[in-house]
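>>> got a sequence here, can you model it:
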Amino acid sequence: MRKDSRSGGHEDPGPRATVGPAPGGTAPGARLRRARLGTFAYFALNGFVMSVWVVHIPSIEVRAGISHAVLGWLLLCLGAGAVAGLRLGGSLSDRFGTHRTLPAAAVLCSGSLVLPGLAESAWALGAAVVVFGFGNGCMDVSMNTHAVQVERGYGRPVMSAFHAVFSIGGVFAALVGARTISWGWSVPLTLGGIGGLCALASVVTAPALLRPGTRAAAEAAAGDAAPKEAGVREPAPVRDVPVPEDGVRGESTRGSGAREAAPRPPLPRRPAPVAESLPAPAAKRRPPRRVWALALLALILMLSEGVAYDWSVLHVQTVLDAPAATAALAYGAFATAMTAGRLSADRIAARFGPVFVVRYGAGLAAAGLTAAALSSWVPLALAGWAVFGLGLSGCVPQFFSAAGHVDAETSGANVSRVAGLGYLGMLAGPAIIGPMTAFMPLNMTFFLPVAFCVTAVFTAGILRPPAPAPATGSPAAAPARTRT
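Numbering: from 1, shown residues only. Here you go, the predicted model:
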């Protein structure tokens, strides 16, 4: 039997209770399921657009007439634009709603895809990637914020599946990009055509998103407060208790009829509407420390993830002297394992909780990267990179989900803080690992991300939400008993 979450006997790992039946008798409603499909579509579109850009980077570099070193600095400009987009997109999502900001950001991201393909100088390319990165940052935080709203409505983890679809969209884009390059299509034509189609798809998908005031949005808003189906105890409801004429209820209505020495305010005859129980406006609240703790964990694990993107192929090729075609399998093994892991991470999180996913996932990632770093046998190194990707696959989505659930009114801003520091970690990966290779072999530098993964193992408990404080004077305020 599960223990009472308020007594401290039960370790609540996060949002895992299923949503009770909606007012119309469906759980979740058709509108909420449609919103989930729409969110899948936006994640797939974002992964597709970003991978099309990555596939064409060599051609864009040649067209602009720049060196690898200049390209590296310009990629930092793209990251800076993305971070700016994350911050602004989070605030706009909270103010205007993701049903408005997500389609607009998706159109901006898709439409600006053609700009790098038109650039013929370093300055033009720099301006183009800043705009493209800004659009991608706005889209990223908007779709993750909407994913949190959908997850709140479902009342169980669904975030990792969205990120898995992002990866699948990227794989499909790599195949399409390789084909268009083999056909000899020009870069501006390819990027412009794909960007236009993705922008159109963004507009077509917009009606599927949750809108404030709809029944599906109400289901999402009430998702965290409907734990009946999962067997979790709710705070006792405020009962319809008759109130004496003087507005004060005695401590006991039986026996002597004595009243409390200190009178209490009148009790309502029915529970207050949801709108009256909402927290103070977002602009008057500072982000909780827990959000920054989640952001720091996202930073170190996304830095570790970035090591695979930037150094896995180079490690197998230069340290193990593998052919270029074989070395390319290192990233392929990592990406494939990460996609597969994200497809199953939601079910694991629903059963065991997000703390379990991060703690054991980060431990598995540390073991995999250690094996890859110490191996002198190529197949074992490839297996190590695959295990590394499998371990990390479900970690970062848990941070986004937890940040979005801290405060429903500021979920966009909180997700942007976590995502912003996370992407900063991805950008910092090459800048940290590269200089370290001047003092030690490349494979030895991998023990820095190993240490970061071990840190996540011991700090994963931050994902456990604090127990809700019962209202003073209500029956729930009485000391809770542990049930077994």
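>>> can you find the helix or strand in the chain with the smallest mean pLDDT?
None of the helices or strands of the chain scores lower by mean pLDDT, DSSP states H and E than helix 215-221, at a mean of 53.
>>> G391 versus T437, what's the distance?
Going from T437 to G391 by CB to CB, to the nearest Å gives 24 Å. C-betas here are computed from N, CA, C, even on glycine.
>>> which of those two has more residues huddled nearby?
Each of T437 and G391 has its neighbours counted (other CB atoms under 10 Å); G391 has more, 27 against 15.
>>> my guess is the more buried one contacts A362, does it?
Yes. Using CB atoms under 8 Å, G391 is in contact with A362, at 6.5 Å.
>>> next, show the common contact partners of these two.
Counting by CB atoms under 8 Å, 6 or more residues apart in numbering, the common neighbours of G391 and A362 are C453.
>>> how far does the strand or helix carrying G422 sit from the chain's center?
Using DSSP states H and E, G422 sits within helix 411-436. Once both centres are worked out by CA atoms, centre = their mean, to the nearest Å, helix 411-436 turns out to sit 13 Å from its chain's centre.
>>> what is that helix packed up against?
helix 68-96, helix 122-154, helix 289-314, helix 395-406, helix 442-445, helix 447-459 (3 or more CB pairs under 8 Å, 6 or more residues apart in numbering; DSSP states H and E).
>>> quick one: average pLDDT of that helix?
Per-region confidence: helix 411-436 scores 79 on mean pLDDT.
>>> now stretch 143-157
90.
>>> in CSV, could you pull the C-alpha coordinates for it?
Extracted in CSV, the C-alpha atoms of stretch 143-157 (Å, rounded to 0.1, in the frame of the first residue of the first chain):
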residue,chain,number,x,y,z
MET,A,143,6.4,24.0,-27.2
ASN,A,144,8.0,22.7,-24.0
THR,A,145,5.6,25.0,-22.0
HIS,A,146,2.6,23.7,-23.9
ALA,A,147,3.9,20.1,-23.4
VAL,A,148,3.8,20.8,-19.6
GLN,A,149,0.2,22.0,-19.9
VAL,A,150,-0.7,18.8,-21.8
GLU,A,151,1.1,16.7,-19.2
ARG,A,152,-0.7,18.5,-16.4
GLY,A,153,-4.0,17.5,-18.1
TYR,A,154,-3.0,13.8,-18.5
GLY,A,155,-1.7,13.7,-14.9
ARG,A,156,1.1,11.3,-15.9
PRO,A,157,4.5,11.8,-17.5
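>>> what about V171, how many neighbours?
Count around V171 with other CB under 10 Å applied: 16.
>>> just the one 10 residues further on next, same as before
Residue crowding around I181 was assessed by other CB under 10 Å; the count is 15.
>>> pretty sure it sits against S59.
Yes. I181 is within contact range of S59, at 7.2 Å (criterion: CB under 8 Å).
>>> which residue sits closest to F166, ignoring its sequence neighbours?
G47 (3.9 Å; CB to CB, 6 or more residues apart in numbering).
>>> any idea how many residues pack against that neighbour?
G47, neighbours per other CB under 10 Å, totals 21.
>>> check F439 too.
Neighbours of F439 (other CB under 10 Å): 8.
>>> where's it relative to I433, distance?
Distance of F439 to I433, computed by CB to CB: 12 Å.
>>> what's the answer for A362, then?
In this view, A362 and I433 are 19 Å apart by CB to CB.
>>> look at the two and report which has more neighbours.
Each of A362 and I433 has its neighbours counted (other CB under 10 Å); A362 has more, 27 against 20.
>>> from what I see, the more buried one and C453 are in contact.
Yes. At 4.5 Å, A362 counts as touching C453 under the criterion of CB under 8 Å.
>>> tilt between the helix holding G422 and helix 122-154?
Angle of helix 411-436 versus helix 122-154, following axes from the mean of the first three to the mean of the last three CA atoms, to 10 degrees, is 130 degrees.
>>> got the angle for helix 411-436 vs helix 395-406?
Using the same axes, to 10 degrees: helix 411-436 against helix 395-406 is 150 degrees.
>>> so which bits of helix 411-436 are buried?
Neighbour counts over helix 411-436 (16 or more other CB atoms under 10 Å) mark 411-430, 432-433 as buried.
>>> low pLDDT regions in this protein?
The model of the chain has pLDDT under 70 over residues 1-28, 213-287, 430-431, 466-484.
>>> give me the residue at the spatial middle of it.
Per CA atoms, centre = their mean, the C-alpha nearest to the average position across the chain is that of F400, at 3.2 Å.
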